[in-house]
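Asker: here's my sequence, what's the structure:
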Amino acid sequence: MPIKIPAELPALEGLLAENIFAMDSTRAGQQDIRPLNVGILNLMPNKIETELQILRLLSNTPLQINIDLIRIDDIAPKNTPAAHMNAFYHPFSEVESVKYDGLIVTGAPLGNMEYEDVLYWDRMCAIMDWSKRNVQSTIFLCWAAHAAMYRFYGAQRVLRERKLSGVFEHQVLDEKNELMRGFDPLFWAPHSRVGEIPVASYAQAPDIQILAQSDEAGVYIAASEDKRQVYVTGHPEYDPLTLDQEYHRDIEADLSPHVPENYYQNDVPGSSVLVRWKSHGNLFFTNWLNYYVYQNTPYDLNELKG
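Answerer: All right, here's what the predicted structure looks like:
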């Protein structure tokens with residue numbers, strides 16, 4: 001079964017061009033099944049690019065999935081047309097009464113800011129608290145993972161001396177956890193962030209299990225024992241050229257960025273990119289949808305308990 005998205009959403013054309021099975025709302029409505037309802041709270045500046053990246057990964061499953069795109073405020077993002085936001089995004093106030101099988105909260109370019117200085121921090125806190133009562137399982141990506149660990153456990157983030165950018169090798173710490181099922185013992189994943197929560201802070205959280213980590217990048221995947229919250233500090237959704245685009249963006253902004261590690265052939269910018277994280281990214285989202293969402297969510301979402 002495919003993901004179900006609006007027929008006019010630009011991501012649909014991109015998915016079909018990649019031979020990914022997606023259907024529009026009209027066709028999906030003819031199927032007599034109870035689909036999974038998944039919300040995507042998109043905090044990234046380029047909403048359209050992030051939509052395609054995440055929808056691509058959600059499509060690799062036999063389950064039918066309804067997608068709601070959610071915005072945190074009414075401020076027009078610089079890199080996404082206002083018409084796109086108005087046509088396809090729900091303000092959080094419109095979905096606050098909705099129960100979701102799954103929720104994905106993206107990262108945001110806010111790594112250098114104190115959480116309380118973020119313009120929408122109060123709304124972010126309200127949504128994180130709401131997710132614990134109204135969502136079967138939530139994935140927090142990158143900045144959102146750090147923000148959620150701070151909100152739920154008081155885990156303090158520290159700023160790195162230099163931005164962590166590149167593709168790093170990780171080790172699976174619990175191969176029996178369903179989220180890690182099928183993973184190689186060692187695998188690669190992209191990171192792009194300036195902040196880090198020490199391993200000890202995750203270990204001190206009473207119901208958090210670290211599932212994968214890296215010597216260079218620290219904790220990569222952690223999850224609550226009840227499978228309701230998943231923290232991913234990297235970007236399994238990234239396209240092959242996303243880190244390249246960020247590198248050149250930082251050059252243009254006079255940030256003197258370091259070359260992304262383990263990313264370009266021979267570490268030379270402009271050479272071919274070593275793409276070795278796509279299989280793990282697909283497997284991660286498939287496992288999450290199957291074992292953390294589908295296998296645990298009630299048939300009647302009104303029975304979901306906070």
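Asker: how far off centre is stretch 158-168?
Answerer: Mean-position distance between stretch 158-168 and its chain equals 18 Å (CA atoms, centre = their mean, to the nearest Å).
Asker: for that stretch, output the C-alpha coordinates as CSV.
Answerer: These are the backbone C-alpha positions of stretch 158-168, laid out as CSV (Å, rounded to 0.1, in the frame of the first residue of the first chain):
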residue,chain,number,x,y,z
VAL,A,158,26.5,21.5,24.7
LEU,A,159,27.8,23.3,21.7
ARG,A,160,30.6,21.6,19.8
GLU,A,161,33.9,23.4,19.0
ARG,A,162,33.1,22.8,15.3
LYS,A,163,30.0,21.8,13.5
LEU,A,164,29.5,18.1,13.1
SER,A,165,29.0,17.6,9.4
GLY,A,166,29.5,14.4,7.4
VAL,A,167,28.6,10.8,7.3
PHE,A,168,29.8,8.7,10.3
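Asker: which residues touch it?
Answerer: Applying CB atoms under 8 Å, 6 or more residues apart in numbering, the set of residues contacting stretch 158-168 from outside is 111-112, 188-198, 214, 216-217, 234, 243, 246-247, 250, 257-258, 260-263, 274, 276-277. In short, each C-beta sits where N, CA and C put it, glycine included.
Asker: please redo it, this time with the cut-off set to 7 Å
Answerer: Stretch 158-168 has contacts (CB atoms under 7 Å, 6 or more residues apart in numbering) with 188-196, 198, 214, 216-217, 243, 257-258, 260-263, 274, 276-277.
Asker: in the chain, where is pLDDT below threshold?
Answerer: Counting by pLDDT under 70, the chain contains low-confidence residues at 1-3, 5, 12, 15-16, 18-33.
Asker: buried set for the strand or helix carrying Asp129?
Answerer: Using DSSP states H and E, Asp129 falls within helix 121-134. Across helix 121-134, burial judged by 16 or more other CB atoms under 10 Å covers Trp121, Met124, Cys125, Ile127, Met128, Trp130, Ser131, Asn134.
Asker: take the residues you listed and write them to TSV, including distance to Gln204.
Answerer: TSV is the format used below for the buried residues of helix 121-134 (distance: CB to CB, whole Å):
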residue	distance to Gln204
Trp121	23
Met124	23
Cys125	21
Ile127	25
Met128	19
Trp130	25
Ser131	22
Asn134	27
